[in-house]
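Novice: Take this sequence and fold it.
(2 chains)
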Amino acid sequence: METLEVVSFDHSMFSLVAGFDSGDEPWQRELSTWLLEESPKEMERGTKVWLYLNSSSEIVGYGSLGTTRWKYPTADSKRTPIALIPAVAIQRRFQGQPSGAPRESRFSSQILRHLILEAKSWPGQPEVLGLYVHPDNHGAIKLYQRFEFEKFHHEYSDPATGVVYISYLRRLEEAR
Amino acid sequence: MAAVRDDRSPFACQLAVYGEFWKREHRAAMDCRDWEEVIALGVSLYEFHRQREDHWREQVYRGAVPFSESDDESYRIQLNGWLEVADEVLRNCLPGLEREFGIVEGAVQLRDATANARIHLEKWVPPRITQTIGFREMTLSPEAVAQLDRIMAEPPKPMPKGPVPVTISAEEFLRRCPKV
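Specialist: Take a look at the predicted model:
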């Protein structure tokens, strides 16, 4: 069983992720672009990003965690903080790896497990962890469902692309 | 954000009063305390402007307000207007006051604000909507609210057990210098 290592991503590491490649599908390109172009601005606003490494110290993927605020329970309410996974991706050549490993040990499962654990101790101790996923990203959707994320009756239609993103929520366990 | 372009906006009115004050002939008999009040007003106006601008930037970032070139220009023009007045004060008034009265209260803050405003204008970057979908402004439907109520009330479900990544330091990571 290969256990990943994780390091907190910062500006000194940008040159090391310049070739990050999560694939050619539109949502995969979005996720590569997010790390290279969007993450610096989001990190300035409090989002945290991690890189995950295999036993050869190659970058397998990245994950991120931030806070969004929804007006809840009513549209007039003050905004409630919700922990959010803004973006998470695995490089193309590590997707589905390690081959032959049980699915709970796959890199994707390890990364999501780490993000959920981090969310539990996230500032403000939000009760819910959410994310938005491209509707064609079926592999990721299966993973979220396996980790007890529930499809949320709240979609977001991106006016620029027309893509209707699906949201998922997961109740966070009590912080240990 | 039509108010931004409105010359009768509170900020525009305050800036006009402030600007007019400086443009008047300086009366020799003016007491330093009057100047200190106006310097304090100038610093407050700067802070007020930046708060408004930050709020606008946040709204654009979240997608609550669409970006417009005219809003962007309006914010720049207003800050530039403030800077012109402040520059005039620093160049033509403050040195004389400091010669006459020594320390002038608020002078340091006004100089800092002026330097910050200049840098901000030189490095001006128009805001844009975040590309992170989850950070955009969302309005929950009644159905979504009911679902969220239920999720919040339920006990959390355990996640599948398995290995958890082991944390290493940035120094250790950089020492290994991994390749993508």
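
Novice: so where do the helices sit in chain B?
Specialist: Using DSSP state H, the helices found in chain B span residues B:2-5, B:10-23, B:32-62, B:69-88, B:94-101, B:107-122, B:142-153, B:170-176.

Novice: Kindly reformat those helices as JSON lines and extend each row with mean neighbour count and distance to A:Arg45.
Specialist: Heads up, the C-betas are built off the backbone N, CA and C, glycines and all. Below are the helices of chain B laid out as JSON lines (neighbours: other CB atoms under 10 Å in any protein chain shown; distance: least, CB to CB, whole Å):
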{"stretch": "helix B:2-5", "mean neighbour count": "14", "distance to A:Arg45": "23"}
{"stretch": "helix B:10-23", "mean neighbour count": "15", "distance to A:Arg45": "25"}
{"stretch": "helix B:32-62", "mean neighbour count": "17", "distance to A:Arg45": "8"}
{"stretch": "helix B:69-88", "mean neighbour count": "17", "distance to A:Arg45": "20"}
{"stretch": "helix B:94-101", "mean neighbour count": "13", "distance to A:Arg45": "36"}
{"stretch": "helix B:107-122", "mean neighbour count": "15", "distance to A:Arg45": "18"}
{"stretch": "helix B:142-153", "mean neighbour count": "15", "distance to A:Arg45": "24"}
{"stretch": "helix B:170-176", "mean neighbour count": "14", "distance to A:Arg45": "20"}
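
Novice: any idea which of these scores lowest on pLDDT?
Specialist: Among the helices of chain B, helix B:2-5 carries the lowest mean pLDDT, a mean of 42.

Novice: Closest residue of chain B to chain A?
Specialist: Using CB to the nearest CB, the single residue of chain B nearest to chain A is B:Gly162, 3.4 Å away.

Novice: Please tell me I have it right and that residue contacts A:Ala101.
Specialist: No. Using CB atoms under 8 Å, B:Gly162 is not in contact with A:Ala101, being 9.6 Å away.

Novice: Tabulate the helices of chain B (CSV), appending distance to chain A.
Specialist: As requested, those are exported to CSV (distance: least, CB to the nearest CB, whole Å):
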stretch, distance to chain A
helix B:2-5, 21
helix B:10-23, 25
helix B:32-62, 8
helix B:69-88, 17
helix B:94-101, 34
helix B:107-122, 15
helix B:142-153, 4
helix B:170-176, 4
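
Novice: For the residue of chain B closest to chain A, which non-adjacent residue is closest in space?
Specialist: In space, and not counting its chain neighbours, B:Gly162 is closest to A:Glu104: 3.4 Å by CB to CB, 6 or more residues apart in numbering or on different chains.

Novice: So that neighbour sits against B:Pro160, correct?
Specialist: Yes. Using CB under 8 Å, A:Glu104 makes contact with B:Pro160 at a distance of 5.0 Å.

Novice: Compare the two (neighbour count), which wins?
Specialist: A count of neighbours by other CB atoms under 10 Å in any protein chain shown puts A:Glu104 above the other of A:Glu104 and B:Pro160, at 16 against 13.

Novice: wait, doesn't B:Asp71 sit right on B:Trp56?
Specialist: Yes. Applying CB under 8 Å, one finds B:Asp71 in contact with B:Trp56, separated by 6.8 Å.

Novice: Having no further points to raise, I will conclude here.
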